[in-house]
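*Asks:* just coords:
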C-alpha cells in the first residue's frame, strides 16, 4: 500500500534542507496529529528515490491510452517551465481524499492556485459565489432545527423509554449491544460521536420510520450539530452532565467543559468545538422544554399563570378552615446590576466612535412565564413622566435622595457598553422566584417594579404586601401612576425590609418598616438579598452572551434553584421560623409583664400610643407651622413696604427712579393685602404692636430652629440605631449595615453641630452650645436637654423618658 504523500516546503535556513509535514489523516481516513521534521541531503535523496518508485508503480498500473494522455498533458504548454521535477510529488487524488495535506491560509484558494499553476488553462473552475453571511447561516440553521423540533421531541421520548426499559448506561454501551444483535435492512449514516470519555466515528442506523436524519439521531441518544447533514453529534449523557454541573456551579462555562473533554480525549482544543457543543446544547434544552410542556399539558397544568399561581406551596395553597391573614401573600422585589451583558458594537468608518449594534440575530426566543417581556414592561414607561412631574411634591415619609438607585444619572455612562444592565426580580417570602424583568440600558427605573406589581395584582388579587428597599418612595410612585386606583382598591401595601430600614428616616421607619407593621411577625422581607448572594456566580458566564443565551441561563438557574434548593429546604425553613416564633412568645410572656411593672405601664396598648405620639411629633418636624410661616412672611413684607415708601419719598430727581419705586411699592402692597386676608388681620401691624415684635423674634429664631431641628433629627436617628444594633437577635450583616449608617450619620452630626453652635452663639441671649463628646454620650432621648427648645417640648413625654 502506498505511503502518504508529503508536502515539501523549503526553509529559510538552508536551500538543501526541506521541512517534511506528515499527513493529517491516516490510512483509514481518520484525523491524526501532524508530524513535522527537517530533511537533510541524504534524506532528500532517499525521498526522491521513493517518489520515483511510486511514479513507476503508477505508470505500470495505467493502460496505454492513459499513459498517452498523461504524456500529452505533460507536453502541454499550460505547464510552467521548471515544474516537471516536482510534478511527480503531487497526487491530487490523495489531497482530495485527505491522504495528503496542503498548507492553506484563512483566505483559502491554495488548491485552486496549485492546480492552475500545474495545469494552466487545462484547469478551468466555475466558481460559485456564496453570498451568504454568518447571519444567514445562523438564522437558516435555527429555522431548520425549529421545523424538526416536534419530531425530535417524540424521538427523545422514545429514547428515554428505551433507556429506562433496557437499562443501558451510555450510547456506546447501547451501540455495542445492537452490533451483537440481528442486523436489519436499514440505511447507514456515518458521523463522529463525542461522549465524555470517548469520541469515535461510527455508523448509525436510519430507520424507514424516521422522518429526518436529526430525529433518527435523537432517537439513538445523539444531538446533532447540523440540522440537515450532520457529521458530528454529542451524546445526551454528555449534555446532561454539563447541564446539571452548570446549574450547580454556574462558573462552569461551555468552553471550560469542552476543554475538559479534550483533555480526557488527549486532543487539542479548537474554538469550533465549543460552537458545536453550544448548538447541540441549545437543541437539547429546547427538546427538554417541549417535553416538559407536553407533561404539563397531560397533567392539566397548561393554563395561563399556572406556575405563578402554584409557585410556592406555603404562600399559594390555602388549607381548609384556615384563618384569614393580614396579607394573603408577602413578596420582596429588588434590582440586581451584576448580571450585565455587553452590547457588541461596530466602529464607525470615519473615526473610532461606537456605531450600531453588530450582534447577529439568532432568531431564538425564550419561552418562559417567569420572564416579563420588554413590551409588557415598556407599557409603564409613560408613568415615569407622571411621577417625575410630582417629584417636587412634599412627601412626609419619603426618603428620596438618600438612595443611589433612585438616581439613574450614575448609570448613563454604562448604556454605551451594556445592553441589559441587570435584572429586576420578585421572590416570595420563602425564596421562590416569581417574576424576572431585564433592566435594559437604564438603572432601576420605576417601570420595573410597576410591571411586577401589575402582574402580581392580576394573578393573586388583593391584600398583597411587597417589600422594597425604597418602598417609601415607591408607595408615592405607585399611587400617582395609572396602576394606583387598582392598587388602592386591592389594598396593596408597600413595605421596607429590615436590612435597609435603618438607613431610612425615622418617620419612614414608623410608616413602612416591617418591624412596626402588624401581620408580619418575624418576617424581614430581605429574601432578595439572600437570592442575589447565590446568583452572583452567573456573572462571569453572562457578560458576553447573546440575549437569548443570557435569558436562558438565568431562567434555568432560577428554575433549578426553586426545585432543588428552595423547595428542598422549605420544611427546615418553616420549622426554624416556627421554633423562633415560639421562643419569642415564651420569652415575651415571661419578661414583658415584669418590665411593664417596673416602668409603671398597665396596658400594652400604651406601646402603640407611644408610636403614634412619635409619629405625630416627627411629622411636625418636617415643616414649620403654617400660622407662624404666614406671620413671618407678613412681617417681612411689611418691612419691605416701609422701605419702598421711604425710597418713593426720596426719588424726586429722576422720573425713572420714581416710577420704579412706585412699582415696587404697589407690588409689595398687593402682597401685604393678600396676606392680611389669609391671616384675617383687621388693622395693619406697626412696629409698636405686640404682633410685630413677636413675628420679628420668630424671624430671628428661625435659623436657630432649623439648625436645632436638623441636629435633633440626626441624634434621634442615631439613638434608635444604637438601640437596634445592641438588640439581641440582630444578625451580623445587619449590625455591619447599621454600623456603616452610623458612620455616615456621624459625619452629618458633626456638620449639623458646627452649624448649630455658630447660630446659637449669636442669639440674644446666647443659647447653650454643645460639644462632640456630649453628643456621642447620648444614649437616651431624655439626655438631650435641647429637646426643651424645640417647637414641641417632648422632653417630659413618657416614651422619651424611658
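*Replies:* Structure's in. What do you need? The model shown is predicted, which means the values in this text are computed figures rather than measured ones. Numbering: from 1, shown residues only.

*Asks:* Give me the pLDDT for residue 441.
*Replies:* On pLDDT, residue 441 comes in at 83.

*Asks:* What does it show for phi and psi?
*Replies:* In terms of degrees, to the nearest 10, the main-chain angles of residue 441 are phi 50, psi 50.

*Asks:* okay, now it: neighbour count?
*Replies:* Number of residues near residue 441 (other CB atoms under 10 Å) recorded here: 16. Glycine gets a C-beta too; all of them are placed from N, C-alpha and C.

*Asks:* Was I right to think it contacts residue 418?
*Replies:* Yes: between residue 441 and residue 418 there is a contact under CB atoms under 8 Å: 7.2 Å.

*Asks:* Kindly list the longest strand within the protein.
*Replies:* As assigned by DSSP state E, the longest strand anywhere in the chain is strand 418-428.

*Asks:* Which strands and helices lie in contact with that strand?
*Replies:* Counting contacts by 3 or more CB pairs under 8 Å, 6 or more residues apart in numbering; DSSP states H and E, strand 418-428 packs against strand 329-336, strand 341-342, strand 433-440, helix 447-460, helix 527-535, helix 547-561.

*Asks:* one more time with 6 Å, if that's ok
*Replies:* Packing partners of strand 418-428 (3 or more CB pairs under 6 Å, 6 or more residues apart in numbering; DSSP states H and E): strand 329-336, strand 433-440.

*Asks:* Tabulate those in CSV, adding columns for distance to residue 260 and mean neighbour count.
*Replies:* Listed next are the helices and strands packed on strand 418-428 as CSV, based on distance: least, CB to CB, whole Å; neighbours: other CB atoms under 10 Å:
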stretch, distance to residue 260, mean neighbour count
strand 329-336, 30, 24
strand 433-440, 30, 22
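
*Asks:* possible to save the ones you listed as a markdown table with distance to residue 765?
*Replies:* A markdown table is the format used below for these (distance: least, CB to CB, whole Å):
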| stretch | distance to residue 765 |
| --- | --- |
| strand 329-336 | 52 |
| strand 433-440 | 57 |
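
*Asks:* Ok, which of those strands comes nearest residue 569?
*Replies:* Of all the helices and strands packed on strand 418-428, strand 433-440 sits nearest to residue 569, with 14.5 Å by CB to CB.

*Asks:* what distance separates that closest one from the middle of the whole chain?
*Replies:* Once both centres are worked out by CA atoms, centre = their mean, to the nearest Å, strand 433-440 turns out to sit 8 Å from its chain's centre.

*Asks:* how many degrees apart are it and strand 329-336 in direction?
*Replies:* Angle of strand 433-440 versus strand 329-336, following axes from the mean of the first three to the mean of the last three CA atoms, to 10 degrees, is 30 degrees.

*Asks:* Give me the pLDDT value at residue 315.
*Replies:* For residue 315, pLDDT reads 90.

*Asks:* what's the burial count for it?
*Replies:* Residue 315 has 19 nearby residues by other CB under 10 Å.

*Asks:* before we move on, what about residue 431?
*Replies:* 21.

*Asks:* I'd say it and residue 567 touch.
*Replies:* No: under the criterion of CB atoms under 6 Å, residue 431 makes no contact with residue 567, lying 9.2 Å away.

*Asks:* And the contacts of the host helix or strand of residue 659?
*Replies:* Element membership for residue 659, per DSSP states H and E: helix 655-679. Outside helix 655-679, the residues that touch it by CB atoms under 6 Å, 6 or more residues apart in numbering are 630, 634, 637, 640-641, 644, 647-648, 651.

*Asks:* Derive a PyMOL selection command for the buried subset of these.
*Replies:* Buried subset of those, written as a PyMOL selection, criterion 16 or more other CB atoms under 10 Å:
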select buried, resi 634+637+640+641+644+647+648+651
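
*Asks:* would you list the contacts of helix 655-679 in CSV and tack on distance to residue 579 and secondary structure?
*Replies:* Listed next are those as CSV, based on distance: CB to CB, whole Å; DSSP: H, G, I helix; E, B strand; the rest coil:
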residue, distance to residue 579, secondary structure
630, 58, helix
634, 64, helix
637, 67, helix
640, 70, helix
641, 73, helix
644, 76, helix
647, 79, helix
648, 82, helix
651, 85, coil
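
*Asks:* Which of the contacts of helix 655-679 sits closest to residue 603?
*Replies:* The closest of the contacts of helix 655-679 to residue 603 turns out to be residue 630 (CB to CB; 40.7 Å).

*Asks:* Let me see the contact set for the closest one.
*Replies:* By CB under 6 Å, 6+ apart, the contact set of residue 630 is 678-679.
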